[in-house]
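In: show me how the following folds:
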Amino acid sequence: MANSLLLPERARLLHVGLPKTGTTALQRMAVRRRGQLADAGVLYPRTLTKRHDHLLPAAALMGLKLATADGVPSIDHWHDLMARMENDRERRAWISHEWISESDDEQVGRFRDELGDRLHAVISVRHYGTILRSTWQEFLKSTMLHEFEDWIAYILTEAEAPDPQTAWQVEHVDLRAQQGTIVERWSRILGAENVTVIVVDPDHPDQLTNAFEDLLGLERGLLATQGSGTVANRSMTVEESSLMLALNRSYADPDSALMKRLGRLPIDIPRQLLRREPRGEERRLTFPTWAAELVDERSRRHADEIAATRVRVVGSLDALRAASRSTDAADHNRAAHVPVDAAVRVSEALAADAEDRVRNAPAADSSGPTAEDIRTAELAKEATRRVAARARDALRRGR
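Out: Residues are numbered from 1 along each chain as shown. Below is the predicted model:
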């Protein structure tokens, strides 16, 4: 059967997002398989900073300020990316970052003008409620201090965000999750024939990777992870989320022991939690009934707006019209107790972080870390080792 999705030779596929639709997993797989992609006729260009994605070049063209770049990145990042594509006379090119979805009309025009008539934009979409749940959990990995129900009230209602950080989150969720508006903008400026929408659908987990393989002329399975085409990371359970929220709040309290001893939350804690296998009794994050009604209404509207653009759609937009899980139980998304093995994972991440602090402590002179540096890190390491040992003992006793 002929591949109806295949882009023309030397096409430039620009994956503009949306966030929380499998973009990061695809980007990391593209880096991992860069050599195989090149052999198959696809260029996934390197960047000046060797990131897994094309954030800095895209932000430079958009004029987007980044905290990690102390402002708008140098336009040299974009020029370098363009040069790599121009120097490749044979392959289709693949560019990707989910923040491109924030582009306004002028910024979309810049991508069109720079990438030329070989440009084809790809927009991955999913149910609005799933995006909100995933976004809250993503913020939970670093800075989130609000219960799920409180945070979605700031997103879905007129409730005022209580602090600048939350206000920033609300603004950017709104920019990145207006799926119908985003698809309409890109189709209007590029032409509907130059835009493909891919529906991320839990009932068809291979749909996203299969579509990219077909667009780029790749053999089936090249972009799949762990033998499956799914690119979605596992969500945290309610129990894991409650643990992360408690840790975030402790680290945010300047009087807490964790804050005084360690100063920051080790970034490996969320990764360690997601490596464990949840137990059968652990719960899934669920919308309260009032919120489910609002998110489902918005998601249905997004589906209708996308259909009206007449762009090519891979999958069924009915996945955006599905009803969300909901509950009237007030404490469903809170856990008073967490699994022991989850506590073990956190303890091990804290101990590993403490060891890294000893290893990388700044030296006062060529003799190495100061005695105070080493003592502080050793105290943290010893404390977390004791917690881990006790947790393991409890786990062996079946508690």
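In: what pairs with the lengthiest strand in the chain, parallel or antiparallel?
Out: Of all segments of type strand in the chain, defined using DSSP state E, the longest is strand 119-125. Based on DSSP bridges, the strands next to strand 119-125 in the sheet, each with its direction, are strand 12-15 (parallel), strand 195-199 (parallel).
In: can you name the element that comes right after it?
Out: Next along the chain after strand 119-125, taking DSSP states H and E as the criterion, comes helix 128-140.
In: dump that following helix to PDB, restricted to CA.
Out: This file holds the C-alpha atoms of helix 128-140, laid out as PDB (Å, rounded to 0.1, in the frame of the first residue of the first chain):
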ATOM      1  CA  TYR A 128      -7.400  18.900  26.900                       C
ATOM      2  CA  GLY A 129      -7.900  17.200  30.200                       C
ATOM      3  CA  THR A 130      -5.000  14.900  29.700                       C
ATOM      4  CA  ILE A 131      -2.800  17.900  28.900                       C
ATOM      5  CA  LEU A 132      -3.800  19.600  32.100                       C
ATOM      6  CA  ARG A 133      -3.100  16.500  34.300                       C
ATOM      7  CA  SER A 134       0.300  16.000  32.600                       C
ATOM      8  CA  THR A 135       1.200  19.700  32.900                       C
ATOM      9  CA  TRP A 136       0.400  19.800  36.700                       C
ATOM     10  CA  GLN A 137       2.600  16.700  37.200                       C
ATOM     11  CA  GLU A 138       5.400  18.200  35.100                       C
ATOM     12  CA  PHE A 139       5.400  21.300  37.300                       C
ATOM     13  CA  LEU A 140       5.200  19.000  40.300                       C
END
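In: that one: how far from the chain's middle?
Out: Between the mean C-alpha location of helix 128-140 and the chain-wide mean there is a distance of 9 Å, by C-alpha atoms, centre = their mean, to the nearest Å.
In: what is it packed up against?
Out: On a contact count with 3 or more C-beta pairs under 8 Å, 6 or more residues apart in numbering; DSSP states H and E, helix 128-140 meets helix 148-156, helix 164-177, helix 238-252, helix 289-309. (C-beta placed from N, C-alpha, C; glycine too.)
In: out of those, flag the one nearest Arg118.
Out: Proximity of these to Arg118 was assessed by C-beta to C-beta; the nearest stretch is helix 289-309, lying at 21.2 Å.
In: buried stuff in the closest one?
Out: Residues of helix 289-309 classed as buried under the neighbour-count rule (16 or more other C-beta atoms under 10 Å) are 291-292, 294-296, 298-303, 305-306, 309.
In: okay, it in PDB with CA atoms only?
Out: Coordinates of each C-alpha in helix 289-309 appear next as PDB, following Å, rounded to 0.1, in the frame of the first residue of the first chain:
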ATOM      1  CA  THR A 289     -16.900  16.500  38.500                       C
ATOM      2  CA  TRP A 290     -17.100  20.300  38.100                       C
ATOM      3  CA  ALA A 291     -13.700  20.400  36.400                       C
ATOM      4  CA  ALA A 292     -14.300  17.400  34.100                       C
ATOM      5  CA  GLU A 293     -17.400  19.200  32.700                       C
ATOM      6  CA  LEU A 294     -15.300  22.200  31.800                       C
ATOM      7  CA  VAL A 295     -12.300  20.400  30.300                       C
ATOM      8  CA  ASP A 296     -14.500  18.200  28.300                       C
ATOM      9  CA  GLU A 297     -16.400  21.200  26.900                       C
ATOM     10  CA  ARG A 298     -13.100  22.900  25.900                       C
ATOM     11  CA  SER A 299     -11.700  19.700  24.400                       C
ATOM     12  CA  ARG A 300     -14.800  19.200  22.200                       C
ATOM     13  CA  ARG A 301     -14.500  22.800  21.100                       C
ATOM     14  CA  HIS A 302     -10.800  22.200  20.100                       C
ATOM     15  CA  ALA A 303     -11.800  19.100  18.100                       C
ATOM     16  CA  ASP A 304     -14.500  21.100  16.200                       C
ATOM     17  CA  GLU A 305     -12.100  24.000  15.500                       C
ATOM     18  CA  ILE A 306      -9.400  21.600  14.200                       C
ATOM     19  CA  ALA A 307     -12.000  19.900  11.900                       C
ATOM     20  CA  ALA A 308     -13.100  23.200  10.500                       C
ATOM     21  CA  THR A 309      -9.500  24.000   9.300                       C
END
